[in-house]
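**Student:** Build me a model from this:
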Amino acid sequence: MSVTVEHITKIYGVQKALDDVSFSIKSGEVVGFLGPNGAGKSTMMKILTCYLPQTSGRATVCGYDVSEQSLEVRKNVGYLAENNPLYLDMYVKEYLSFIAGIHHLPDVRKRIEEMIEITGLTIEQRKKIGALSKGYRQRVGFAQALLHNPKVLILDEPTSGLDPNQLGEIRNLIVQIGKEKTVILSTHIMQEVDAVCDRVIIINAGKIVADKPTGELKSGKGEYLLITIEFDKEPDIEKLKRIPGIIEIIKTGQAAVLQIHATIERDVRGDIFNYAVSENLKVLTLHKEEKKLEEVFKDLTVSG
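**Tutor:** Below you'll find the model as predicted:
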């Protein structure tokens, strides 16, 4: 595993910011780490990047313990903080050269050129960071986080404040990075999670309340599947009900359009198609309804 968190608790005075949190992330996964403000996201990220010690529990990154082997952890982690602290009076290449020196990288010039190309900074590389747009400053942040070729990339609100064009560019960059590295992404933008994350971990009041693949989280697994189907003519409801796995069939305002509640253990869509063929019916539309991530997030994090 790239990242392993075992029973991590963090206490500030009398407040538990993290309460017995455990999860693991495999190499090559892009994981959305979500939660409302004050849920413990940033605290968890600071522990994984060795900025903050946990009160109890254990965490490892690439096999290195964050408490006992912090230097090795930092060699393997790239971190882009939410406020993206940069030296605005430095030129882009000057700043990246400074970061390369911190990491004692060999062949600094070649590595900086690679990062400038990967992050799309080529046309802005000779400017001072203070003269760059927000989108290009984020790219500089990505470049510094990737410069030492870390195995794990931790991104805290990486697209905050960007315009729609910049959003798309940065998301595409995250997708490309995720093909080779483990990425932990904290964000409040649910469309971003949908676009780039393989899996979602949701934390609320210091506890994990969900940890599932993105598609599974939206599909309502644990309850039932909702399938909406339109035939070319009204079907025989009683025959449809005989298909194993169908729980309930709800008629809509149109006779040929049905909503079907089905068990999650069996994908009934193939059986529905077979039924249609046997009854000389045409399936005009069929789709599995999914909850929006915003709805799932709200269900899991709004108390009372």
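
**Student:** Share the number of residues neighbouring Lys10, please.
**Tutor:** By the criterion of other Cβ atoms under 10 Å, Lys10 has 22 neighbours. For glycine as for every other residue, the C-beta is placed from the backbone atoms N, C-alpha and C.

**Student:** Report the spatially nearest residue to Thr49, omitting neighbours in sequence.
**Tutor:** Nearest residue to Thr49 in three dimensions, chain neighbours excluded: Tyr79, at 4.9 Å (Cβ to Cβ, 6 or more residues apart in numbering).

**Student:** The one you found: what's it in contact with?
**Tutor:** Tyr79 sits next to 45, 49, 145, 153-154, 156 when contact means Cβ atoms under 8 Å, 6 or more residues apart in numbering.

**Student:** what helix or strand is it on?
**Tutor:** Tyr79 is part of strand 77-80 when elements are defined by DSSP states H and E.

**Student:** Kindly export that strand (C-alpha atoms) in PDB.
**Tutor:** Output of strand 77-80 as PDB, limited to C-alpha atoms (Å, rounded to 0.1, in the frame of the first residue of the first chain):
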ATOM      1  CA  VAL A  77       5.400  13.000  -0.800                       C
ATOM      2  CA  GLY A  78       4.600  16.000  -3.000                       C
ATOM      3  CA  TYR A  79       2.300  18.500  -1.300                       C
ATOM      4  CA  LEU A  80       0.300  21.400  -2.700                       C
END
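
**Student:** For Gly135, give me the pLDDT.
**Tutor:** What the model reports as pLDDT for Gly135 is 85.

**Student:** My read is that it contacts Glu169, right?
**Tutor:** Yes: in terms of Cβ atoms under 8 Å, Gly135 counts as a neighbour of Glu169; the distance is 6.8 Å.

**Student:** Show me which residues of stretch 266-276 are buried.
**Tutor:** Of all the residues in stretch 266-276, those buried under the rule 16 or more other Cβ atoms under 10 Å are 268-269, 271-272, 275-276.

**Student:** if we can go back for a sec, any idea what the residue nearest to Thr49 is bridged to?
**Tutor:** On the basis of DSSP bridges, Tyr79 is bridged to Ile154.

**Student:** nearest to Glu72, of the buried residues of stretch 266-276?
**Tutor:** Nearest to Glu72, judged by Cβ to Cβ, of these is Arg269 at 48.6 Å.

**Student:** From Lys251, how far out is the closest one?
**Tutor:** For Arg269, the distance to Lys251 equals 19 Å [Cβ to Cβ, to the nearest Å].

**Student:** so where do the helices sit in this protein?
**Tutor:** 41-48, 70-76, 92-102, 108-118, 134-146, 164-178, 190-196, 214-219, 237-241, 269-278, 293-301 (DSSP state H).
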